[in-house]
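Peer 1: here is a sequence together with a model predicted from it:
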Amino acid sequence: MKPPSEITPSILKLITSISEKIGEVNANLLNKPSPKLRKQNRIKTIHSSLKIEGNSLTEAQITALLENKRVIGPKKDVLEVLNAIKIYENLEAYHPYNETSFLKAHQNLMEGLIEKSGKYRNQGVGIVKGSKVEHLAPPFKNVPYLMKDLFQYLKTSDDIVLIKSCVFHYEMEFIHPFLDGNGRMGRLWQTLILMEQYPVFEFLPFETLITKEQDKYYKALAESDRLGKSTPFIEYMLNIIDISIRELLNFNNRILTEKDRLEYYVSLNNTEFTRKDYMSIFKNISSATASRDLKKGAELGLFDKIGEKNKTIYRLK
């Protein structure tokens, strides 16, 4: 049975906006960011997703752990980050349409944090805010059947990926299949579903925007609960995705330094290229600036310069 939701004018508008931006991302080859930006965004993703769940470590501490340095902090918080680093550095190991892979991801994400990581809960749960029960999850006996149905929806629905990823995220949070780790699993799995069609989502930290206004995230979940359909949550998440892609495009359009441009261009793995190829990526620089960049890149040993004047080509080492 397809989870209940509807396509509103707001959702259609957001889908159009996101699709246009993804086209721009692909046209500018931004679906494979520079190693520096990739690392920064991975740190932001891990920091934001865990901060939502109450983790106290800073981006600087997470950077240190990513670089295998020792960090002083609560043991649980450090373990949460180490587990998340393993997950986000090996995203290709998980298959978004596979329930077994979903359970394996939870096991890896929550290893050492709860007793039965990688297994659905065997007791009733509710989410309490203050003295009020915000959400009463379905009975634990129903969880395996509900999750099986949800993965069946993922595999067979003709909904577009943008919609499916939001529906899965909401429905999984509603089912609350695990004793702990449901929030971070919902955000992780939405990323994996989107990555299947749009590689840029591997490096797009939309969790950062959720962290800035967490109340709106929980309000969208609660409103969907109240209406009995995921429509408000779809609108909320599509807006978050739209803003995230816009920020990525704005980052690329900022004033880049010579080092930024060279690092980014080399990351694209163009084995041989010309000054014209280089300028096709950085459309706002002059031919003189491009020449200076390429001379510097050759001096730094990033690539070899072959030939002279208009016959010059550059070959990556």
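Peer 2: That came through fine. Residues are numbered from 1 along each chain as shown.
Peer 1: can you report how many residues lie near Asn250?
Peer 2: If you count neighbours by other CB atoms under 10 Å, Asn250 ends up with 9. In short, each C-beta sits where N, CA and C put it, glycine included.
Peer 1: which strand or helix spans it?
Peer 2: Assigned by DSSP states H and E, Asn250 belongs to helix 231-253.
Peer 1: pull out the buried residues from whatever helix or strand comes next after that helix.
Peer 2: Scanning forward in sequence from helix 231-253 by DSSP H and E, the next helix or strand is helix 258-267. Across helix 258-267, burial judged by 16 or more other CB atoms under 10 Å covers Asp260, Arg261, Leu262, Glu263, Tyr264, Tyr265, Val266, Ser267.
Peer 1: now the phi/psi pair for Leu192, please.
Peer 2: Taking degrees, to the nearest 10, you get phi -60, psi -40 for the backbone angles of Leu192.
Peer 1: what's near enough to touch it?
Peer 2: The neighbourhood of Leu192, defined by CB atoms under 8 Å, 6 or more residues apart in numbering, consists of Leu91, Tyr94, His95, Pro96.
Peer 1: ditto for Asp77
Peer 2: Residues near Asp77 by CB under 8 Å, 6+ apart: Leu50, Asn55, Ser56, Leu57.
Peer 1: from Asn182, how far off is the second one?
Peer 2: It refers to Asn55. Between Asn55 and Asn182 the distance is 15 Å, computed by CB to CB, to the nearest Å.
Peer 1: and the strands in this structure, which stretches?
Peer 2: Shown for the chain, the strands assigned by DSSP state E span residues 126-129, 132-136, 272-273, 303-306, 313-316.
Peer 1: buried sites along the last one?
Peer 2: To tie it back to what came earlier, the one meant is strand 313-316. For strand 313-316, by 16+ other CB under 10 Å, it's Tyr314.
Peer 1: same question for that strand, mean pLDDT?
Peer 2: For strand 313-316, mean pLDDT is 92.
Peer 1: make CSV from the buried residues of helix 258-267 and add distance to Glu6 to it.
Peer 2: What follows is those, written out as CSV (distance: CB to CB, whole Å):
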residue, distance to Glu6
Asp260, 44
Arg261, 45
Leu262, 48
Glu263, 45
Tyr264, 41
Tyr265, 44
Val266, 46
Ser267, 41
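Peer 1: which one of the strands of the chain lies nearest to Asn239?
Peer 2: Comparing the strands of the chain by their distance to Asn239 (CB to CB), the top pick is strand 132-136, with 22.1 Å.
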